[in-house]
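Novice: I would like to see how this sequence folds:
(one chain, ligands or ions: 1)
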Amino acid sequence: MSSIPDFMAHGLCTQFDPELMFPHPNDVQGVSDAKSICAGCDVRTECLDYALSPSTRIGAGVAGGLTEEERNGLKPGRAHRYRVGRYPAPSQRHAPAA
Ligand code: SF4
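Specialist: All right, here's what the predicted structure looks like:
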């Protein structure tokens, strides 16, 4: 059984209703609200590395500032390279060029 890592006690999301971090993927406002919480979090980098690690993978919700879909394909141990806001939402990624 895995234990909760120490950094999570310092996560800004601990000050909010946990449900806020698990918006429906199509809930644009909900995803934005969750990302806003992560953006102000002091342990975002640790959280994203944790979420990307195969042994501790967080498969749902917003973690480390990214949605589950945005985390797909990112490599663990490189969270310091993945900045909040650097990766557009999936709908923006696939939008036709203006
Ligand atoms: S980065 Fe986001 S999900 Fe991770 S601990 Fe901080 S607020 Fe919570």
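
Novice: run a quick neighbour tally on G11.
Specialist: Counted with other Cβ atoms under 10 Å, residues neighbouring G11 total 21. Bear in mind the C-beta positions are built from the backbone N, C-alpha and C, glycine included.

Novice: residues in contact with it?
Specialist: When contacts are counted by Cβ atoms under 8 Å, 6 or more residues apart in numbering, G11 touches C41, V43, C47.

Novice: now these in a markdown table, with distance to K35, secondary structure and pLDDT?
Specialist: Listed next are the contacts of G11 as a markdown table, based on distance: Cβ to Cβ, whole Å; DSSP: H, G, I helix; E, B strand; the rest coil; pLDDT from 0 to 100:
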| residue | distance to K35 | secondary structure | pLDDT |
| --- | --- | --- | --- |
| C41 | 10 | coil | 93 |
| V43 | 15 | coil | 94 |
| C47 | 12 | helix | 94 |
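
Novice: and the pLDDT at the residue of the chain found nearest the ligand?
Specialist: Residue of the chain nearest the ligand, by Cβ to the nearest ligand atom: G11 (2.5 Å). pLDDT for G11: 96.

Novice: quick one: the helices in the chain?
Specialist: For the chain, the helices defined by DSSP state H cover 28-39, 44-52, 68-71, 90-93.

Novice: which among those is found nearest to G77?
Specialist: In terms of Cβ to Cβ, the element of those nearest to G77 is helix 44-52, at 6.1 Å.

Novice: packing partners of the closest one?
Specialist: helix 68-71 (3 or more Cβ pairs under 8 Å, 6 or more residues apart in numbering; DSSP states H and E).

Novice: would you put the C-alpha positions of the helix it packs on in CSV?
Specialist: C-alpha atoms of helix 68-71 as CSV (Å, rounded to 0.1, in the frame of the first residue of the first chain):
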residue,chain,number,x,y,z
GLU,A,68,-4.8,13.8,-17.4
GLU,A,69,-4.8,14.2,-21.2
GLU,A,70,-2.1,16.9,-21.1
ARG,A,71,0.0,14.6,-18.8
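
Novice: that one near the ligand anywhere?
Specialist: No: Helix 68-71 does not reach the ligand (Cβ under 6 Å from any ligand atom); its nearest approach is 11.3 Å.
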